[in-house]
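sequence isn't available, so here's the structure alone:
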């Protein structure tokens, strides 16, 4: 009986009310934890001037950008597009409002981003990203790197997934220093890429990829051994310090990694954190700490949160220096994969606490009064209206609400009523 | 020192953190009140197929639609656009998910819509709409019209604006019945428009506008007297019943208006509601109850909430009947005008409750422990890191937080500390 196709666009999440309630609950947890850790929430517009977005995009991202045009073109209509993440708009926001902000600026952003990716299962074109960042002016102490990681650990643990969460932490300076020592700094971009993809292919394929870069066998062996290094701080830092590399870049990276992880240990983190030399992150703007969270018992899910330190993200917009550290939880994708693996505790199917069923108009006043009383006690209430038969009202109420109350003449006169629990 | 223009696009709201916190608080109030009244929240995608949006748009709205295109065009890229309201996507959602929903479906939507309007003060191209609707299948009892109005009254009163709110209520059937009785039903669209604009012009101009429609003086007098009728239910309904119009449309409209307002009275509404024959609402899909909320002491602000009953919104998508009643609060515009009139209680400028200032690394562990204790008690905490001088830390903390705690050797050893209130 449909006249036209009413499906949502492909690549978008559209949930039924009960699933939406669960999604909203997780989003609320993130907002709350970010707030409790001292992050201020901001919102930038969904639409940005293309100039701003393209300043940093490049490559695949650029191809995925959605441009927007007004149907009625006018001279006013500028070159605009939908944001593809929160990081570039944040850089713009910080530069624009610099004189009104307090630095270090702890800032959260929860909202949708848009990418015209090829539609496929679990890939979204329109999706929530929930970011937390700390941006300094001029400098930003390394302690804030631990602050961000700790915030994400608290946030995800509040999801009560019933499976451990592991924050895999690295520092890009370590690999950069190693490449410097090996005399292959000129190939660092390509080497970073190979290590970034190492977990998606076999070790043999990784070796081949290194060989294709023209690296000799000795170098490849060193890189393979290095990128395989992961575990607790003492072991990994001890190993790195034993390699015998002395350059400043390498030493700085190891010290920073050591410090970030020591702070997390002081904060009571043990098995939830691991140093891991395979973590480099795909984006080229990271300059120090990088991290990626996984669920070790569900490796296939991949990263559930990622981020890092960026010294120069605002460089496209200003000459001033605003180093930052931050990360993002891609909530729409995460919600999808968590559900696929039955890791989300669903909210009650029933979104209403109490359904009141006045038998007729005479009972409506009492129902309205009762509704107010329940709401004042924090319970959500709906009044089932109309002159349907009680059986029909009851059927409707039982689908919708946890409890039902029938209100007839007796109830109005006595002021007392029976609460029926629906199961 | 800026390298490029970092302003947001024109026609978008971009707030500093303290103002954003106030905006988020109001948004949270709406979400909470809708929930407490038994509305389930849903989210439809921001991007819709143009076919869906254009089904209902037409006229100015069509010209204001933002189309989206992928930068890298492909065969896959369909004809898509950004939603301009929540009503059309809701109609699509109801038809698409009909078999999974429970009717009457009480549903809320809080999210952004997009319109390429000419940019001017207080007009937004990207703005929040916070909708609540009740959709029936086949039929929808008139009691739900009162339910929606009552929900919006509760929502806006929680804003604590310190000025009265007035819900002006009408029923389109009354005017339609009157025009039928006057023998000018063929001009009803134009007459509705003139009455809809009557408050923006002088009575003389309204009379002229009627005259331009070819109406005679006697008819114009009747319309002027009719549209000036407003006040409490008894008076207005009494007057309408005394006019001597007998057609079914008119009688149905008067009865519905009477019933909706009687229910609101039973719910304790007195001075907050008024019957008003000037309220017709601009959108042509309304078929019965229509309402518009104003702040009578701030008439210039105009409508702060509006909506009505629509019998046939899904008619473009399906042959099934889904009558509905609902309304919308345009929160971005409302926030703007409320601020202009100093009607919003701002959230504290300071978004953090407690700033902890450990003097050095030795005090960090204690600070981390204390931070957890405060958070468990519901207080937001930030730790001021780095080796800046205490004076600098204190200055930063006082800008950001309501209270500050300095943690040195003594505090760690004794476990006690002094809380400094910042003003």
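Great, that's in hand. Model, not experiment: these values are computed from the prediction. Numbering: from 1, shown residues only, chains lettered A, B, ... in the order given.

which residue, other than its chain neighbours, is closest to residue A:41?
If the residues on either side of it in the chain are set aside, residue A:41 comes closest to residue A:108, at 5.0 Å by C-beta to C-beta, 6 or more residues apart in numbering or on different chains. Any C-beta I mention is one placed from the backbone N, CA and C, and that applies to glycine too.

which residues does that neighbour bridge with?
residue A:41, residue A:132 (DSSP bridges).

tell me who's in contact with it.
Residue A:108 makes contacts with A:30-31, A:34-35, A:39-42, A:130-133, as judged by C-beta atoms under 8 Å, 6 or more residues apart in numbering or on different chains.

which single one of those is nearest to chain B?
The shortest approach to chain B among the contacts of residue A:108 belongs to residue A:40, at 3.7 Å (C-beta to the nearest C-beta).

so that closest one sits against residue B:24, correct?
No. Between residue A:40 and residue B:24 there is no contact under C-beta atoms under 8 Å: 10.1 Å.

compare the two (neighbour count), which wins?
Set residue A:40 next to residue B:24 and count neighbours by other C-beta atoms under 10 Å in any protein chain shown: residue A:40 wins out with 23 against 18.

packing partners for the helix or strand harbouring residue A:366?
For residue A:366, the element it lies in under DSSP states H and E is helix A:364-376. On a contact count with 3 or more C-beta pairs under 8 Å, 6 or more residues apart in numbering or on different chains; DSSP states H and E, helix A:364-376 meets strand A:352-358, strand A:381-383, strand A:401-407, helix B:248-266.

quick one: that helix to helix B:248-266, angle?
50 degrees (axes from the mean of the first three to the mean of the last three C-alpha atoms, to 10 degrees).

how about helix A:364-376: buried residues?
A:364-368, A:370-371, A:374-375 (16 or more other C-beta atoms under 10 Å in any protein chain shown).

identify the residues contacting it?
Counting by C-beta under 8 Å, 6+ apart, A:353-354, A:356, A:358, A:381, A:383, A:405, A:407, A:411-412, A:417, B:36-37, B:143, B:263, B:266-268 sit against helix A:364-376.

rerun at 10 Å
Contact with helix A:364-376 is made by A:353-354, A:356-359, A:363, A:379-385, A:403, A:405, A:407-408, A:411-413, A:415, A:417, B:33, B:35-38, B:143, B:146-147, B:150, B:154, B:262-268, as judged by C-beta atoms under 10 Å, 6 or more residues apart in numbering or on different chains.

average pLDDT for it?
In this model, helix A:364-376 carries a mean pLDDT of 96.

thinking again about what came up before, quick check: PyMOL command selecting the buried ones in the contacts of helix A:364-376.
To isolate the buried members of these in PyMOL, using 16+ other C-beta under 10 Å:
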select buried, (chain A and resi 353+354+356+357+358+359+363+379+380+381+382+383+384+385+403+405+407+408+411+412+417) or (chain B and resi 33+35+36+37+38+143+146+147+150+154+262+263+264+265+266+267)
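
wait, isn't residue A:246 in contact with residue A:181?
Yes. Taking C-beta atoms under 10 Å as the definition, residue A:246 is a contact partner of residue A:181 at 7.9 Å.

returning to what we had before: reformat the contacts of residue A:108 as JSON lines; add pLDDT.
Output for these, formatted as JSON lines (pLDDT from 0 to 100):
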{"residue": "A:30", "pLDDT": "98"}
{"residue": "A:31", "pLDDT": "98"}
{"residue": "A:34", "pLDDT": "98"}
{"residue": "A:35", "pLDDT": "97"}
{"residue": "A:39", "pLDDT": "98"}
{"residue": "A:40", "pLDDT": "97"}
{"residue": "A:41", "pLDDT": "97"}
{"residue": "A:42", "pLDDT": "98"}
{"residue": "A:130", "pLDDT": "98"}
{"residue": "A:131", "pLDDT": "98"}
{"residue": "A:132", "pLDDT": "98"}
{"residue": "A:133", "pLDDT": "98"}
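
and the stretch 101-250 of chain A, which of its residues are near chain B?
A:101-108, A:110-112, A:114-119, A:124-126, A:128, A:134, A:136, A:139-147, A:150, A:154 (C-beta under 10 Å from any C-beta of the partner chain).

list the buried residues of stretch A:207-226.
A:207, A:209-210, A:215, A:219-220, A:223, A:226.

how about stretch A:223-243?
Buried residues in stretch A:223-243 (16+ other C-beta under 10 Å): A:223, A:226-227, A:229-230, A:233, A:236-237, A:239-240, A:243.

from those, which is closest to residue A:296?
Nearest to residue A:296 among those: residue A:230, at 11.7 Å, using C-beta to C-beta.

now that closest one: how far from chain B?
Residue A:230 is 25 Å from chain B, where distance means C-beta to the nearest C-beta, to the nearest Å.

ok, that residue - contacts?
Contacts for residue A:230 (C-beta under 10 Å, 6+ apart) come out as A:168-170, A:236, A:274-279.

let's see which of those end up in strands.
A:168-170, A:274-276 (DSSP state E).

what about the helices in the stretch 51-200 of chain A?
Using DSSP state H, counting those that start in this stretch, the helices of the stretch 51-200 of chain A run over A:59-64, A:87-97, A:143-157, A:172-181, A:188-197.

least reliable of the ones you listed by average pLDDT, please.
helix A:59-64 (a mean of 73).

low-scoring stretches of chain A, by residue?
A:1, A:56-60, A:71-78, A:347-348 (pLDDT under 70).

quick check, central residue of it?
residue A:329 (1.1 Å; C-alpha atoms, centre = their mean).

thought that one was touching residue A:304?
Yes. When contacts are counted by C-beta under 10 Å, residue A:329 is listed as touching residue A:304 (6.9 Å).

quick check: neighbours shared by these two?
With C-beta under 10 Å, 6+ apart as the test, residue A:329 and residue A:304 both reach A:152, A:156, A:159, A:293.

what's around the residue found closest to the second one once you drop the neighbours it is linked to in the chain, how many residues?
If I follow you right, that is residue A:156. Spatial nearest neighbour of residue A:156, excluding adjacent residues (C-beta to C-beta, 6+ apart): residue A:165 at 5.2 Å. Applying other C-beta under 10 Å, we find 20 residues neighbouring residue A:165.

residue A:230 versus residue A:165, what's the distance?
Distance of residue A:165 to residue A:230, given as C-beta to C-beta, to the nearest Å: 16 Å.

residue A:10: how many residues sit nearby?
Residue A:10: 14 surrounding residues under other C-beta under 10 Å.

and it, how far from chain B?
Taking C-beta to the nearest C-beta, one finds residue A:10 at 9 Å from chain B.

so chain A: which segments form each domain?
In terms of domains, chain A is parsed into A:17-182+A:225-340, A:352-421 (source: automatic domain parsing).

of all those, which gets the most neighbours per residue?
Of these, the one with the most neighbours on average (mean count of other C-beta atoms under 10 Å in any protein chain shown) is domain A:17-182+A:225-340, at a mean of 20.

surely residue A:119 meets residue A:8?
No. Judged on C-beta under 10 Å, residue A:119 makes no contact with residue A:8 at a distance of 11.7 Å.

quick one: the strands in the stretch 1-150 of chain A?
A:40-41, A:47-49, A:66-70, A:80-82, A:105-114, A:126-135 (DSSP state E, counting those that start in this stretch).

give me the contact list for the fourth one.
If you take C-beta under 10 Å, 6+ apart as the criterion, strand A:80-82 is touched by A:45-54, A:57, A:62, A:65-70, A:112-116, A:125-126, B:9, B:46-47, B:66, B:68-69, B:71, B:82, B:114, B:116, B:125.

and if we set it to 8 Å?
A:46-50, A:53, A:65-69, A:113-114, B:9, B:68, B:71.
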